[in-house]
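[1] Generate coordinates for the sequence data below:
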Amino acid sequence: MSVKRKRVLFVAYLFPPVGGVGVHRAAKFVKYLPHFGWDCSVLTASNPSAPLFDESLLKDIPAETIIRKARTYEPGYAMKNMVSASHGDAAAAGIKSRILGGVKTLVRSVSNFVLQPDPQILWRPQALKAGLQLLREVPHDAIIATGPPFSSFLVGAALSRKTGVPLMLDYRDEWSISNAYWENKKQGRLANWIQTRMQRKAVLAAKSLLATTPSSAAAVAEFARGVGCTAPATHIYNGFDPDDFVTHEATPIIKRDYGRGTNLYRMSFVGTLWNLNSIAPLVDAICQLAVTQPQLMNHLELVCAGRKTADQEAQLDRLHGLPCHVVRLPFVEHSEAVQLMRASDSLLMLNTDLPETRRIINAKTFEYMAAKRPVFVVAPDGDVWDIMRDLPGTVLCAPADGTKIRDRLALESERHRCGVHHDDDYWDIHRFERRHLAGELADWLDRMTESVRASSIITPTEPRRS
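    Numbering: from 1, shown residues only. Below you'll find the predicted structure:
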């Protein structure tokens with residue numbers, strides 16, 4: 001007897017061909033959920049205001065996936081970038097620059113206050129229209145809204161309330177952390193109050209809450225209990241897709257020459273450098289190493305691939321004049337990023353030393369694992385330490401422990417010079433494969449829909465006796 005297939009609608013503003021780590025979670029779920037009886041639809045933006053695009057990610061999306069696109073009324077990303085705080089125009093010399101900086105500050109302030117919870121709220125009108133039409137045309141058993149941007153939560157909640165299709169909220173990041181640390185996102189008391197009410201409304205519409213780490217799931221559950229929501233909260237890690245690495249594993253690793261030869265100790269960072277994963281502690285350590293063990297500098301190569309905010313560029317500028325080799329690459333397509341990871345001697349994982357970052361595991365961490373290269377972790381002791389500590393070659397350093405970062409950097413560089421390698425056979429990471437994680441999500445979707453179905457059955461009551 002054939003089992004009835006189910007269908008889930010992903011509300012995902014960020015979806016291929018948009019690039020960056022924010023799209024991989026939904027895209028990989030869409031790729032693998034059909035293996036577990038869940039067909040997928042996607043509601044996304046037709047003209048997303050996003051900094052990165054990667055057409056290669058489209059290969060992961062099954063041809064039978066229903067994709068509906070709705071227009072957003074946001075300005076393009078180039079316009080957003082013009083008023084970004086990261087350019088520092090107001091600090092430049094000259095009255096004209098200061099006036100321009102003041103205008104940009106005013107525009108950002110007004111936009112942050114009016115466009116709640118984020119500029120992507122301008123996607124909501126057309127997204128609701130397209131989503132409701134799709135739900136009328138094709139029966140769905142569940143909705144998953146993934147954020148940030150958290151306006152997707154509001155779209156998902158509205159669709160669920162209007163149609164009765166049960167909703168799961170997928171917190172790729174916590175709403176409160178995003179508000180506190182996102183670039184150009186300075187929230188006042190009133191804005192925080194508004195967004196707390198928005199999150200409360202979305203959470204109360206949900207039947208299930210999902211996060212990416214155990215500690216983050218606990219924080220989401222605490223917020224939910226505080227607003228009277230009884231929906232269960234759990235976590236499903238981000239992960240890696242073996243398919244992204246299989247073609248590379250069949251070919252020998254060739255170290256690209258960035259101008260200083262290929263025999264250097266190459267430490268690579270892949271991803272966005274910003275205030276939540278500052279490279280400052282490593283730069284401090286390298287500067288110390290240049291004084292205490294200058295002979296190691298000629299043997300060290302630091303490669304940073306991806307977007308960098310102005311303050312992080314300034315941190316890298318501090319390495320100018322030192323004998324170490326610093327390579328700054330822009331955003332690279334996913335396949336090229338995989339090649340860079342595999343051709344590195346160590347992969348750098350960064351989290352800034354803040355209480356909230358103990359709950360964060362950067363999505364790229366799992367692809368670092370799949371590349372089977374030693375990972376040099378500079379992050380506060382927390383969830384990321386828990387999953388990394390037993391892997392071969394892992395170095396765990398707190399951001400504030402500059403002496404340890406410096407000494408371990410020197411040790412790892414010397415080990416590389418001496419030809420020390422780590423055995424790939426000891427990498428036990430199968431539980432982080434995207435297919436396995438999609439199976440976990442399918443189980444949770446089954447539980448959610450079965451619970452909703454059971455609660456909708458009205459149990460007959462005994463007639464009242466006269």
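
[2] And what about the residue nearest to Gly76 when sequence neighbours are not counted, helix, strand or coil?
    Nearest residue to Gly76, sequence neighbours excluded (Cβ to Cβ, 6 or more residues apart in numbering): Ser49, at 5.8 Å. C-betas here are computed from N, CA, C, even on glycine. For Ser49, the assignment made with DSSP: H, G, I helix; E, B strand; the rest coil gives coil.

[3] didn't Ser49 look like it was pressed against Tyr73?
    No: using Cβ atoms under 8 Å, Ser49 is not in contact with Tyr73, being 9.8 Å away.

[4] The two: which has the busier surroundings?
    Neighbour count, other Cβ atoms under 10 Å: between Ser49 and Tyr73, Ser49 has more, with 22 against 13.

[5] May I have the phi/psi pair for that one?
    phi -90, psi 90 (degrees, to the nearest 10).

[6] Give me the below-cutoff pLDDT ranges for the stretch 1-150 of the chain.
    Counting by pLDDT under 70, the stretch 1-150 of the chain has low-confidence residues at 1-2, 77-113.

[7] And the helices in it, which stretches?
    For the stretch 1-150 of the chain, helices defined by DSSP state H, counting those that start in this stretch occupy the ranges 24-32, 77-82, 95-114, 124-137.

[8] so what secondary structure elements neighbour the first one?
    Spelled out, that is helix 24-32. In terms of contacts (3 or more Cβ pairs under 8 Å, 6 or more residues apart in numbering; DSSP states H and E), helix 24-32 is packed against strand 6-11, strand 38-45, strand 142-147, helix 434-455.

[9] how about a cut-off of 6 Å?
    Contacts defined by 3 or more Cβ pairs under 6 Å, 6 or more residues apart in numbering; DSSP states H and E place helix 24-32 against helix 434-455.

[10] Show me how the record splits the protein into domains.
    6-78+110-239+433-455, 243-426 (automatic domain parsing).

[11] buried ones in the helix or strand hosting Gly156?
    Secondary structure from DSSP states H and E places Gly156 in helix 151-163. Buried residues in helix 151-163, defined by neighbour count with 16 or more other Cβ atoms under 10 Å: Ser151, Ser152, Phe153, Leu154, Val155, Gly156, Ala157, Ala158, Leu159, Ser160, Thr163.

[12] Now pLDDT and distance to Phe331 too, for those residues, in a markdown table please.
    A markdown table is the format used below for the buried residues of helix 151-163 (pLDDT from 0 to 100; distance: Cβ to Cβ, whole Å):
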| residue | pLDDT | distance to Phe331 |
| --- | --- | --- |
| Ser151 | 97 | 24 |
| Ser152 | 98 | 23 |
| Phe153 | 98 | 26 |
| Leu154 | 98 | 29 |
| Val155 | 98 | 27 |
| Gly156 | 98 | 28 |
| Ala157 | 98 | 32 |
| Ala158 | 98 | 33 |
| Leu159 | 98 | 32 |
| Ser160 | 98 | 34 |
| Thr163 | 98 | 37 |
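
[13] tell me which of these is nearest to Arg359?
    Proximity of the buried residues of helix 151-163 to Arg359 (Cβ to Cβ) peaks at Phe153, which lies at 18.7 Å.

[14] what secondary structure does the nearest residue to the closest one once chain neighbours are set aside sit in?
    Among residues not flanking Phe153 along the chain, Ala202 sits closest, at 4.1 Å (Cβ to Cβ, 6+ apart). Secondary structure, three-state DSSP: Ala202 is helix.

[15] what about Ala202, neighbour count?
    Using other Cβ under 10 Å, Ala202 has 27 neighbouring residues.

[16] Enumerate every residue touching it.
    Ala202 makes contact with Phe153, Leu154, Ala157, according to Cβ atoms under 6 Å, 6 or more residues apart in numbering.

[17] how much space is there between it and Ser455?
    Ala202 sits 20 Å away from Ser455, going by Cβ to Cβ, to the nearest Å.

[18] Could you do Leu204 as well?
    To Ser455, Leu204 is 16 Å away according to Cβ to Cβ.

[19] So for those two, which residue has more residues nearby?
    Shown here are Leu204 and Ser455; by other Cβ under 10 Å, Leu204 has more neighbours (15 against 9).

[20] Tell me how far the closest residue to the more buried one other than its chain neighbours lies from Glu222.
    Excluding the flanking residues, the one nearest Leu204 by Cβ to Cβ, 6+ apart is Cys229, at 5.4 Å. Distance, Cys229 to Glu222, using Cβ to Cβ: 11 Å.

[21] of those two, who's got more company?
    Cys229 (20 against 10).

[22] Look at the more buried one and report its pLDDT.
    pLDDT for Cys229: 97.

[23] Work out for me the element it sits within.
    Here Cys229 is assigned to no helix or strand, by DSSP H and E.

[24] ok, which stretches of the stretch 251-400 of the chain are helices?
    Using DSSP H, counting those that start in this stretch, the helices of the stretch 251-400 of the chain run over residues 280-292, 310-317, 334-342, 364-371, 383-388.

[25] Please identify the most buried of these.
    Compared across the helices of the stretch 251-400 of the chain, helix 364-371 shows the largest average neighbour count, a mean of 24 (mean count of other Cβ atoms under 10 Å).

[26] for the record, mean pLDDT for it?
    94.

[27] Over to stretch 194-201?
    95.

[28] roughly how far apart are Ala142 and Lys6?
    Computed as Cβ to Cβ, the Ala142 to Lys6 distance reads 7 Å.
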